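Visitor: from the sequence below, what's the structure:
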Amino acid sequence: MQLGVHLGQQNLSMDAMRDLWRRADEVGADWISVWDHLYEAPPAGGTIDHFEAVACLGALAADTTNARLGCLVFYVGYRNPGLLAKSAVTIDHISGGRFELGLGAGWHEWEAAAYGYDFPPAPRRLDMLDEAAGLIESYFTNERTTHDGEYFRAADASMLPGPVRGRMPIWIGGVGEKRTLRMAARYADGWNAAYVGPDEYRRLNGVLDRHCDDLDRDPATIERSINLMFDLGKDEAELSVQWGAMWDRVRAGSLHGSIAQATERIAEYGAAGADLVNVAVRAPVDADLLEAYLTEVAPAMRSG
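Guide: Below is the predicted model:
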């Protein structure tokens, strides 16, 4: 099993954030990612310091040397797919070929409204994701791309230089059974789910396998990951206040309690089919508990 860190770039100074991902890379984290938000998550009306994803990823790529890097996931409504692909390739070259591109349909309607972005209903956002994923795949695999779609266009566009490894891995994030998981089966090298329990994760893995069978694709060619909230040192009452109405939806994917309980919980996800488990870190966080996760729990899970 691989263990990683999914860092929310909020409520931290840039120096503190860079120290955190350098430390994660130093002690052997397999994966380090950020998220694509303009406001804090959970939503608090834009009252918490928050940094933009692409710029942070440039620093992350320059600051680290070992871990695979990503964004879980970019909302395709914030950037033209060509610009996003170009940004991803640039980050990939800064990192020496360690970057992997995550795509999703978005959920943070409050930040979109604040910054003037359209945030259409879910079916249209999924249409946008489907079109963007196919277009970005073309940028990474073809010398030239021409596309005249419902949402995006390209005219004889090249992607030079290309990804360091020739083709950049694409991740699809989300748990929608009918459309998101089918897109993962069609386009993705990796699938990421967030904040679901082990039993539900196992079931969703089975749904993805069935979509692969329908598309005549080997399910083993898709890497599976899960993001779990790093809530060690916090109790449910505190987390319920932090998340408000969203707590019931995400509580199954929270690592809270003791280090031993977290270790057992992570093992359950491995048994449910996860190749990669990421702890999602939202500051403030207990620094000693996070260090224990990085230097004790993660190495033990990898060797076990």
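Visitor: for residue 196, helix, strand, or coil?
Guide: Secondary structure state of residue 196, per DSSP: H, G, I helix; E, B strand; the rest coil, is coil.
Visitor: for whichever strand or helix holds residue 183, give the mean pLDDT please.
Guide: Per DSSP states H and E: residue 183 is located in helix 180-187. In this model, helix 180-187 has a mean pLDDT of 98.
Visitor: name the helices or strands packed onto it?
Guide: Using 3 or more C-beta pairs under 8 Å, 6 or more residues apart in numbering; DSSP states H and E as the contact test, the elements touching helix 180-187 are helix 122-141, strand 170-173, helix 198-214. (C-beta placed from N, C-alpha, C; glycine too.)
Visitor: could you redo the last one with a cut-off of 10 Å?
Guide: Using 3 or more C-beta pairs under 10 Å, 6 or more residues apart in numbering; DSSP states H and E as the contact definition, the elements that helix 180-187 packs against are strand 99-104, helix 122-141, strand 170-173, strand 190-194, helix 198-214.
Visitor: can you give the contact residues for that helix?
Guide: By C-beta atoms under 10 Å, 6 or more residues apart in numbering, the residues outside helix 180-187 that reach it are 103-105, 126, 129-130, 132-134, 136-137, 170-176, 188, 190-193, 204-205, 207-215, 217, 219, 221-222, 224.
Visitor: the same query, at a cut-off of 6 Å, please.
Guide: 130, 133, 137, 170, 172, 174, 191, 207-208, 211-212, 215, 217 (C-beta atoms under 6 Å, 6 or more residues apart in numbering).
Visitor: closest to residue 258 out of those?
Guide: Among those, residue 191 lies closest to residue 258 (C-beta to C-beta), at 29.8 Å.
Visitor: burial check on the nearest residue to the closest one once chain neighbours are set aside, number of neighbours?
Guide: Nearest residue to residue 191 in three dimensions, chain neighbours excluded: residue 184, at 4.2 Å (C-beta to C-beta, 6 or more residues apart in numbering). When neighbours are counted by other C-beta atoms under 10 Å, residue 184 registers 28.
Visitor: now swap in residue 163 and tell me
Guide: By the criterion of other C-beta under 10 Å, residue 163 has 21 neighbours.
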